[in-house]
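*Asks:* Pasting the sequence and the predicted coordinates here, then a few questions.
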Amino acid sequence: MRNHVYGDVGNGPVLVLVHGFPHDRRLWRAQVDGLRSSARVITPDLPGFGERDEVAGTMTMDAYAADLKSLIDGLGIERVVIGGLSMGGYIALAFLARFQDAVSGLILCNTRASADSAEARIGRENMVKQVMEEGVEPVVDGMVPRMLAPATRSKNPELSASVRRMMGEQRAPGIIAALRGMAVRPDRTSMLPGIQVPTLIITGSADTLILPAESEAMARAIPSSSITVIPGVAHLSNVEAPQAFNTAVRTFLGTVR
Ligand code: MLT
């Protein structure tokens, strides 16, 4: 097995939770605590993030998906429910596209199936430039306000600070490789009607990074899907509203064979 770093706790169906950008497995702390009695919760650090080794160049969503497959193969696991938040959702879709037989259920959180627009790609390259010239901190400072809803930030400054800390601890090469990988990810909208596994979509009504309308469109396109829109929360719905998030996941796991 490659140099994987991951959490692995609990009993029940295997649930692999894939963090977003620029995060690491600590994103899922409240799910590890809240879901371990309902599932075996595996929370990997993606290559270049958290405690994983550095990466260079571009990490495509397929490359991350292949890394996850090598993790579950190494653990001797055949099928998983795979869930991902934002970039983690792009990766979950890439995983399903490549390793359909290894997926028994799909959870897409605060994510989308479409590719970057031309404008978004330019934004990614500008961010790469900013990371190279100024380092990680200013980039992260610009992102934190859009991760959590304003009410969460004012009511729960400690939570806000811990998200800021986790993001600020990521390293430039991993961030750059992910930005370049997200910029070249394919549009996976056309695969949605063909998804045959039960799918849960979760988002927050106040997500301004990926609008709830995009989640609703995915829910309409995926045949056996359901959607939970958590009121008043933004991009990190699992962090901001862990109870509502975990309840939705627990109910969903009960429907997956
Ligand atoms: C994320 O949270 O993973 C990112 O906002 C996704 C993106 O930049 O497209």
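*Replies:* Perfect, I can see it now.

*Asks:* which residues touch residue 51?
*Replies:* Contact analysis of residue 51 by C-beta atoms under 8 Å, 6 or more residues apart in numbering lists 5, 24, 45. C-beta: built from backbone N, CA, C; applies to glycine.

*Asks:* Which of the three states applies to it?
*Replies:* coil (DSSP: H, G, I helix; E, B strand; the rest coil).

*Asks:* now it: how far from the ligand?
*Replies:* Residue 51 sits 19 Å away from the ligand, going by C-beta to the nearest ligand atom, to the nearest Å.

*Asks:* Could you do residue 108 as well?
*Replies:* The gap separating residue 108 from the ligand is 12 Å, by C-beta to the nearest ligand atom.

*Asks:* Using TSV, lay out the contacts of residue 51 together with neighbour count.
*Replies:* Output for the contacts of residue 51, formatted as TSV (neighbours: other C-beta atoms under 10 Å):
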residue	neighbour count
5	17
24	23
45	21
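
*Asks:* near the ligand too, which of the residues you listed?
*Replies:* Among the contacts of residue 51, proximity to the ligand is found for none (C-beta under 6 Å from any ligand atom).

*Asks:* Keep only those of the residues you listed that are in helices.
*Replies:* Assigned to helices by DSSP state H, none of the contacts of residue 51 qualify.

*Asks:* need those in JSON lines with distance to residue 116 and pLDDT, can you?
*Replies:* JSON lines is the format used below for the contacts of residue 51 (distance: C-beta to C-beta, whole Å; pLDDT from 0 to 100):
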{"residue": "5", "distance to residue 116": "28", "pLDDT": "98"}
{"residue": "24", "distance to residue 116": "23", "pLDDT": "98"}
{"residue": "45", "distance to residue 116": "24", "pLDDT": "98"}
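
*Asks:* so which of the residues you listed comes closest to residue 81?
*Replies:* residue 45 (19.2 Å; C-beta to C-beta).

*Asks:* so the closest one makes contact with residue 6?
*Replies:* Yes - Residue 45 is in contact with residue 6 according to C-beta atoms under 8 Å; the separation is 6.6 Å.

*Asks:* Next, show the common contact partners of these two.
*Replies:* Residues touching both residue 45 and residue 6 (C-beta under 8 Å, 6+ apart): residue 25.

*Asks:* picking up where we left off before, let me have the contacts of residue 51 in TSV, adding distance to residue 228 as columns.
*Replies:* Formatted as TSV, these follow (distance: C-beta to C-beta, whole Å):
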residue	distance to residue 228
5	30
24	25
45	26
